Structure formats: structure tokens, C-alpha cells
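In: Following is a predicted model, sequence given first.
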4 protein chains.
Amino acid sequence: MKKSAAFPAVATGPASTRRRRKEARPQELLVAALDLFVERGFKATRSEDVAARAGVSKGTLYLYYPSKEELLKAVVRENLGALINEGTDIVGGFEGDTRELLALLMHTWWERIGNTPASGIFKVILTEMGNFPDFAAFYMDEVISPGRALFTRVLQRGIDAGELRPVNLFETVHLLIFPMLMMCLHRHSLGPCHLPMRELDPHSFIDTHVDIVVNGARQPAPVAATKRTLNRKTA
Amino acid sequence: MKKSAAFPAVATGPASTRRRRKEARPQELLVAALDLFVERGFKATRSEDVAARAGVSKGTLYLYYPSKEELLKAVVRENLGALINEGTDIVGGFEGDTRELLALLMHTWWERIGNTPASGIFKVILTEMGNFPDFAAFYMDEVISPGRALFTRVLQRGIDAGELRPVNLFETVHLLIFPMLMMCLHRHSLGPCHLPMRELDPHSFIDTHVDIVVNGARQPAPVAATKRTLNRKTA
Amino acid sequence: MKKSAAFPAVATGPASTRRRRKEARPQELLVAALDLFVERGFKATRSEDVAARAGVSKGTLYLYYPSKEELLKAVVRENLGALINEGTDIVGGFEGDTRELLALLMHTWWERIGNTPASGIFKVILTEMGNFPDFAAFYMDEVISPGRALFTRVLQRGIDAGELRPVNLFETVHLLIFPMLMMCLHRHSLGPCHLPMRELDPHSFIDTHVDIVVNGARQPAPVAATKRTLNRKTA
Amino acid sequence: MKKSAAFPAVATGPASTRRRRKEARPQELLVAALDLFVERGFKATRSEDVAARAGVSKGTLYLYYPSKEELLKAVVRENLGALINEGTDIVGGFEGDTRELLALLMHTWWERIGNTPASGIFKVILTEMGNFPDFAAFYMDEVISPGRALFTRVLQRGIDAGELRPVNLFETVHLLIFPMLMMCLHRHSLGPCHLPMRELDPHSFIDTHVDIVVNGARQPAPVAATKRTLNRKTA
DNA sequence: AATGAATGAGTGTTCATTCAT
DNA sequence: GATGAATGAACACTCATTCAT
């Protein structure tokens, strides 16, 4: 063993290389799997490729995850867990107006999630929710509900302060969230194609996004909204 | 098409069911394929299932499309083509303010596309763009560019009329489009899961969406936007 | 087509080669599977080898049997079904003494089963019963129970006729059956090894077997049986 | 063996558990392997399960046996060796009639072999003889030949004493042996299935078995055996 | 044109075996 | 010696594609 006999077991650290690798394996496999699932899709990703990208053999993957499906579930759990928590802390003690708070939330979230590989999880979830019904409830509980709650709280705070008019909270929350999600999806669809297209700058877009939505929801409603004229089924 | 030009469609009479079915085959196969590709993903959809849903045998599918890949491409071509055209007509002769025009565009688009099976094409494109690089250019040319142009034109029209302030057109266009796309994606991911969740009403959401964005972009900018404070990499 | 056009469809028979092959496939696969399962064991037999021996590809096997397990079950059903029926007919109208009847039963059974590939089914059943609990009940109902009943009936007939003394029917039945089964098992274990060993002649062995057992059960019991002396647990 | 010859087994005292375990390892592994090979079959038994049942790790198994095949061979050698020896001693000095001698042999053999895990070896041999041709010669030399010789000697003794008529020795020997083997096989096939079936009591069955066979072979042959009537191939 | 039986390359998963610790 | 993490060959099963009918 490499463990020095001169020092007692206390604080000796992670011990042998073998041991250290073993402890890191699950993480390494999850990272590799996320990348490939996002890039190629779950079905189109071969388990052997996941293993190879993690630097191990096919068999080793199965020492840690009993099937490709379970690997996917672990990837989802791993990457959805951290999505919301930070936001709650930010909102907690914030002093400032709604625009500043929303901008802070969005920029932070983008740096923590949107601009990292974890952002790919939305593509995976979107694609596989139909094939893995578990994901729906999981996603609802872990992401949608807390996410909605967080933004609802922010908007309500603005209304209570007289800053915003009493907009439809539920719809406005989604108006805030949807563009952020689309930016994540874009990063893993058109983005990697390197087309000669003009691209959004995420942070600039976030600023514009927040500005316009907050302004649009500000007191007083600038103009009476005339009703739309298209006839359609009112399902 | 094999249909003889000598006989107009009118007064053709019963036209043997056999013949009519045969001519409808490619369409029926595309419809079946879209449904299944959207629902299960491209890789996870078996060609035989597509054929079965279209009411033909496995072999027949290959009479019309030489491979599953080509079938996918046909599905994408078929469904992306119709996405934009109608919009241009609407904008052409419209008289009314920006909010009304945008609302009309969005509601129409939702009824024509979002609320039909064709909306699933966005999920397919999103998922498969990585595996089929052709799609990127195709999607760019057929959807993104014309779509951006259409909404840019509408916004520019509002600015020119003094109705809107000179917002960042590029970003605002995406702010308008992204929530619509998310509604489409939702219809084919969480939507079918029938969770006990509160759901957006599409048309109501569109109204709120258009109201807030248009109001947020209206003259004059209600408040000076203070800059965001989070320190971050300016990539 | 091979079908002669000179004769109308009526009574034309099984039609095309394709069709004829399809109808024969299940049988051909069962025969191939029995051979290989007997020879190598179930686990040690590769499905591809079964297919190859039946002259088809791996995939074709799965058109007819959804898994290797189901193939095994079909093999067992196929080969156990016919095991007993003939015996009952023989016993029905037989006139003659017990020895003659038993000899007829055994020789017939040997020719119909023991001396055919079907005899291997006993090896398979023996080996796999532990892994496929279904087989136990199936084998009990389809083979053991009717087999016991058949031989019990024959012995009872001999006792009723005063030919045999009232031996323990249950045990004597097994004394009759067991050596027959061992001959089957031998055919598929040591038999194929072609050792320079003296081999039993099945029919001669059956004669000796029946002679000795019937004589041993004949009236009157020749000698009083003294009890065995070894001390042992009487569980 | 690594056991030092300098210290006799007697008075070695507690002899570290470690040491004792180490010396017992091969035996423990053979016992575990026999159990599993009998229960599940050779191919279907995982080496790791053998190791686990013996209370050691996978790697340790390979310290003692270089492959799963060699382990099987060791299991067979180990368990076939002891099958015959005791019988010879019994026959040697026995005074009494043939029935008593056979009954003693059979009951003893049942207690020593049939009623112990070693009886499972017959199932293994039967199953694997095809895959391991070595076994055939080994089994022939170690079991069949000595077994035949033993029973032949007993029958010849009875004939010489005028107790039995000059039956076909070779066939009668197998008539004696086969039911015993079937009881062993039964113990490891149908037996563990716990079906609601009537079961043979081994010792009672042995008594009936020996009684009937010895009576059937006794002087004089009670009836002239008429020949069988079924026409069949005389292969 | 339409069928569906047949194919075989491809992939998820297992497990005997090795070897660094 | 003992361990158990790691390997990769092997195998069950799938499915896009072909082609005889």
C-alpha cells in the first residue's frame, strides 16, 4: 500500500489509486452519460460509448449501474437535484427592485446551469419523458413546482410593493421561464451546428428579456388591451 | 404524381378506393411517422410500427421511402414547409396596432401549427438535429430565417409607427418566439403525462405574452434600466 | 410460382415454397432445439446454433419463439404430449397375462419414444426442472400421473386375476418405470461416448426386466422376507 | 500441502482459525460447487456464487482451481471416488442370503451416498458428460466398472449357492442399479419442487425393490416366459 | 404494387478470468 | 495469501432492410 505507516489512519486520505478511482467512477460515468445522451439521444447512445468516454470498459459501467435505463435515471436525478436550490437563497434576503432581482436570478442560473453541461438535461427530459413516465412526476416535483413557486414569489413581491400591476401570475411566470429553457435547448441543438447564423448573447438576451417583461408588467398598464379578433375554437 | 392530368379531380367520381388509397400513401406514412417519431423518438420508433399505423405492411413503406432516415427527412420537410407561409400573408395587409397584429399572428399560428400534430416537428428537430446535420441548414433556411424576418418586420413596423421604442430587435424577436416554441414542446412532453398540474391555456397565455412584451417595448421606456450586478465571465 | 396453373386453387395444396417452409419451421426448430438441448444442455446451447441446425438465421428463430426459454417450453410441451397416449390404448383391449402386457407396453414405448430423439426430453426435464418450476407441475400432470396410473392399472389387473400377489403397487410401479427412464438417459449420456464398454441391448433388457419383476411379484411370495439389519434414521 | 509435517495433527491445539480455514478451503469450495452445479447446472452457476457460498471472494476461488472447468473436474473426482469403496468391504465377509446382502448394500449406499449431497453428482455427470468427454472414461473406471463388478459378484454368489437361477447377470445387475440411480436423480429434480405428489420412501422402496428382484431371479423360474409379440426392428 | 418471411449487423448485458492493491 | 475492481469475449435478442412470392 502507498499509505505511509508513519502516520496513523486518521486523515490518511483516499488511499490507493484503485480506491480513488472507484470512488470517482459513478460521477465520471454520469458526466459521460449526460454528454452523450444530450448529444445523441438516449436510444442512440451505446452503453459502450458511455463507458469509453468515462475511460472504462463496457463491463465496468455495469458494476455501477445495472442497466442503461438506470444510468439515465441516475443522470436525471443527479442533474435535476441542484437546479433550484440556489435560487431560493438569492430571493431570500434580496433588497432591490423586481428587475434587479429577476436579472440576478436569471444571470446566476445561466452561469450555474445554462452555461454548463447540466443544461443538456432539459433536452434529455423533454425527449425521454414519454418513454420514462417516472420522469414526469420527478420533474414536476423537483423542478417545475419549485421553479414556479420561486418566480411566483418574486412577482408577488413586486406586486405587493406596488411596482407591478396584478398581472396573471401563472402565465407571467412561464413567460419568464420559457425563454430561458429555450436558450438551454438551443445550446444543445442548433448551437453546436456552427451555422453562419447570428447568435444570441445569453446575458444580453437575459437583460432584454427581463427589462421587457418587467416593464410590460409595470404599473400602470399603459394601454387598454383590445381583444384579439381571430375567431377560434374556445376549447 | 402519377395522377393523370387529363382528368381533373372534379367529377372523377368514386375513383376506386384502391387508387385513392395508393395516392394517399405517402401522406399517410408521413403522418404516421411524425406521430411516432414525436411520441417515441426517431431511434426508438420501429419502421414496422410506422407502416402498421399507416395501415400498410413493412415492405410497402420501403416502396415509398428508401430508408428510415429518408422517411425522417421527408417528415421534416413536409412539416417544416408549412410553418411560415401563412404568417407573411397576414402581416401583408394588416391595419391595426402591433399588439393586435402580433396577437393575430400568434393565435393563428397556434391554431394552424401549435395545436396540430405538426407542432411535434419541433421536438423531432430539436432531438435529431445533432444526428442529422442536414437538418440544421434546412431548419435555418425554412424556419428560423423566415420566422425571424417575419417578426422583425412586425417589430420594425411598430417602431417606425412610433408605437414601440427602438428595442433590440434580434433579442425581442426571440422573446416573442421562444415561449411559443416551448408551448409546442410542452404539448409533446409533459402534456401527455396527465399529471395533476395546473396547465396553461394557450390562447390566454398568448394574450398575456403579447400584452406584456408589447407593453414592455412601448414608448417611452418607463424606467431607466439599472445594470445587473452579478459578476460573471463575459464570454 | 411452382403452383401449376392447370389446376384450380381448390386442392392445390400448401402453395408456394415460402409458405410451405413457413408452416414447417416451428417443427424444424423444435427438432433442432431438442437435439441441441439434449446434447449440450439448455444454457450451453446458443440460440444461433439452434437456428443454424434448423437451416435458418438467428432472427428467424425469434419469429417463431419469442425467447430461448419459450423455445425450451415448446420443446418440452411438444415432446411430452405424445408420451403416454399410446400406452392407454394398448392396455385397453389386451388379453393375455401380465408379463405379456408389460412386455408389449415396454417394447412399444421403447420403439416410440426411447429409441427416438424424443427420449432426450427426460434428460432436459431432469436438468432444467430446477430452473423452470413450470415444468414440474407440467411434467407431473402430463407424464408422471398418467404414467403411474397406467402401470398401476396393469398391476392391479394382474392382482385381480390372481396372477400377482398384492405387492406394494406404488413402489412396484416405480420399479417398472425407473429402469426404462435410465435407459433413455443412458442413450444421451454415456451412450454417445462410444466407450469400449459392454452395452445393454434394450429389448433384451426389457424382457429380462419384465420377467424378473413379474416373477418376483407372482403368487405366492416364495420366501418370507427377513428384515434388513442396517441401523439407520427412519425419517 | 503446505501443512508442516513436523507437527502432527494430534495435539496441535487450537491451530489458528485462519490456518484451519485455509486448509479447509479446497473442500469448502468443492462442497459449495457441488451444491450449485447440482441445483442450477454447470453453465448456469456463476463462479462468484460458488465463491460466495464458500465464504470467500471470487479471486480466492482461482487460487485453488485455475478455471471453472477444473473446479468441475475436481468436484467430480472428489465425489465419484467415494461412491464404490464401502460396498466391497460389505460383500467381503458377508454371511447371509442374497436378499439380505443386496438389501444391506443398498440401504448402506443410500445412507452413505444417495441421501447426501454427493448423490447430486449423478445429475452433474449425466448432464455434463456430453460437454466433458473426459468424464466418460473417468466415470466408467471409477463407478460403472466397479459397481457392475460388485453387483455381479453378489449375483454370482447367489447363483453359485443355488439360491438364484442363472439369470442374465449383466442385465440383472442393471435392473438392480438403475432404480437406485433414479432415486438419486429424483432427489435433485422433482424432489425439490415440493409438488403435492405422493413420494417414495427410499428405504421401503429399496426393500420392495430387492425383494421383487431377488424373488424374480430365484430358483426355479416360476413360469416359462412366452416371447413378446410386438414386431420391431431388431437393431 | 403489396406482402411478410427472412436476414444479420448491431447492442444491452453477463460473467469467467485477471491483477493491482 | 486474499480481495474485488476491471476487463472483454460471448451471447440473447432487436430491427432496418431485402426479396421471393
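Out: Received it, and whenever you're ready, just let me know what you need. Predicted model only: the values in this text are computed from it and were never measured.

In: what's around the residue in chain A that chain B sits nearest to, how many residues?
Out: Here the residue of chain A nearest chain B is A:Gly216; by CB to the nearest CB that distance is 3.0 Å. Using the backbone N, CA and C atoms, a C-beta is placed for each residue, glycine as well. Residues contacting A:Gly216 under the criterion other CB atoms under 10 Å in any protein chain shown number 26.

In: Could you report the separation of it from C:Glu28?
Out: 74 Å (CB to CB, to the nearest Å).

In: Could you pick out the longest helix of chain A?
Out: Looking across chain A with DSSP state H, the single longest helix is helix A:17-40.

In: how far away is A:Gln219 from A:Ala161?
Out: From A:Gln219 to A:Ala161 the distance is 10 Å (CB to CB).

In: Among these two, which residue is more densely surrounded?
Out: A:Gln219 (14 against 11).

In: Wait, the more buried one touches A:Gly158, no?
Out: No. Applying CB atoms under 8 Å as the test, A:Gln219 and A:Gly158 come out as separate, 9.5 Å apart.

In: and for the two, which residues touch both?
Out: A:Leu164 (CB atoms under 8 Å, 6 or more residues apart in numbering or on different chains).

In: ok, is the helix or strand of chain A with the lowest mean pLDDT in contact with chain B or not?
Out: Ranked by mean pLDDT, DSSP states H and E, the weakest helix or strand in chain A is helix A:85-92, scoring a mean of 82. No. Contact of helix A:85-92 with chain B is not found when judged by CB under 8 Å from any CB of the partner chain; the minimum separation is 9.4 Å.

In: what packs against that helix?
Out: helix A:98-109, helix A:145-160 (3 or more CB pairs under 8 Å, 6 or more residues apart in numbering or on different chains; DSSP states H and E).

In: Would you mind giving the orientation angle of the longest one with respect to helix A:98-109?
Out: Angle of helix A:145-160 versus helix A:98-109, following axes from the mean of the first three to the mean of the last three CA atoms, to 10 degrees, is 160 degrees.

In: Is the helix or strand where A:Leu72 lies in proximity to DNA strand E?
Out: A:Leu72 is located in helix A:68-81, with elements delineated by DSSP states H and E. Yes. Helix A:68-81 reaches DNA strand E (CB under 7 Å from any atom of the strand) through A:68-69.

In: chain center to that helix: distance?
Out: Its chain's average C-alpha position is 13 Å from that of helix A:68-81, according to CA atoms, centre = their mean, to the nearest Å.

In: Ok, stretch A:64-71 next?
Out: Using CA atoms, centre = their mean, the offset of stretch A:64-71 from its chain centre is 22 Å.

In: Same check on stretch A:123-140?
Out: For stretch A:123-140, the distance to the chain centre is 14 Å (CA atoms, centre = their mean).

In: Most tightly packed of the helices and strands packed on helix A:85-92?
Out: Neighbour counts (mean count of other CB atoms under 10 Å in any protein chain shown) averaged over each of the helices and strands packed on helix A:85-92 peak at helix A:98-109, with a mean of 22.

In: So which other helices or strands are in contact with it?
Out: helix A:85-92, helix A:145-160, helix A:169-187, helix A:202-216.

In: try 6 Å
Out: Where contact means 3 or more CB pairs under 6 Å, 6 or more residues apart in numbering or on different chains; DSSP states H and E, helix A:98-109 is packed against helix A:202-216.

In: per-residue confidence for the residue lying closest to A:Asn215 once chain neighbours are set aside?
Out: Once flanking residues are discounted, A:Asn215 sits nearest to B:Gly216: 4.0 Å by CB to CB, 6 or more residues apart in numbering or on different chains. Model confidence at B:Gly216, given as pLDDT, is 95.

In: what residue ranges in chain A score low on pLDDT?
Out: A:1-20, A:221-235 (pLDDT under 70).

In: Please work out how many residues are found near A:Ala74.
Out: A:Ala74: 17 neighbours (other CB under 10 Å).
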